[in-house]
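J.: based on what follows, work out the 3D shape:
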Amino acid sequence: MSRFPAKLLLMLIAVLTGSPVSAEITVRFVPTDQYTDLAIGGSSTAAVQDDLLKQFEKHFKQLAERYLPGGDKLEIVVQDIDMAGATEPWRAPNLNDTRFLRDIYPPRISLHYLWYDKAGGLKADQQEKLSDLNYLMLLDSAYYTNNDPLRYEKALLDRWFRRTFSSPEQPKK
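T.: Numbering: from 1, shown residues only. The predicted structure follows:
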């Protein structure tokens, strides 16, 4: 008995059962030394940055699963990240690693994406610069009590994904 590759088997099951094929997403990050600010609590070690990038990638995949039409493919290259807030070293020597959240320090994410339909046709080829000066007032309810270090960046990505990739028949939660 021959063995089917897992992806082919899942596609075959989806076709036979009539359930939609999930969307596919790939996320790449330019070298982190080019990012404006990818640090938590003043720590920008390679291990911290690697963990943050894994969290970003996981969140992108969750959003694609939720908002992209089945069978579509999305390729994202994250070119810059500037985390919400900033350090203000002039405040006091012992606050050098404290991140202050103010309207003037919104999260910013620059990215380029290619969006393909299930037939392989190009739907969009866009450069985006995501930011929101109202990020402190627009935090999604899912993140209010969450101590997630990326809560402001994830809320920004949530709003962008919903606005960019939701189809009219899809509920915009």
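J.: show me where this structure has strands.
T.: Along the chain, counting by DSSP state E, strands occupy 24-29, 73-82, 86-87, 99-100, 108-116, 122-131.
J.: reformat those as CSV; add distance to residue 65.
T.: Just so you know, the C-beta spots here come from the backbone N, C-alpha and C atoms, and that holds for glycine as well. Formatted as CSV, these follow (distance: least, CB to CB, whole Å):
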stretch, distance to residue 65
strand 24-29, 8
strand 73-82, 11
strand 86-87, 32
strand 99-100, 30
strand 108-116, 15
strand 122-131, 18
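J.: which one of those lies closest to residue 60?
T.: Residue 60 lies closest, by CB to CB, to one member of those: strand 24-29, at 4.9 Å.
J.: returning to that earlier point: nearest to residue 64, out of the strands of the chain?
T.: Closest approach to residue 64 among the strands of the chain (CB to CB): strand 24-29, 3.9 Å.
J.: what residues sit buried inside that closest one?
T.: Neighbour-count burial for strand 24-29, counted by 16 or more other CB atoms under 10 Å, picks out 24-25, 27, 29.
J.: ok, now stretch 35-55?
T.: By neighbour count on 16+ other CB under 10 Å, the buried set for stretch 35-55 is 35, 37-40, 44, 48-49, 52-53.
J.: list the contacts of that stretch.
T.: 29, 32, 80-83, 86-87, 96-99, 108, 149-150 (CB atoms under 8 Å, 6 or more residues apart in numbering).
J.: ok, back up a step: CSV for the buried residues of stretch 35-55, including distance to residue 120 and pLDDT?
T.: Formatted as CSV, these follow (distance: CB to CB, whole Å; pLDDT from 0 to 100):
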residue, distance to residue 120, pLDDT
35, 32, 92
37, 37, 90
38, 33, 89
39, 39, 84
40, 39, 76
44, 39, 77
48, 38, 88
49, 34, 91
52, 32, 93
53, 28, 95
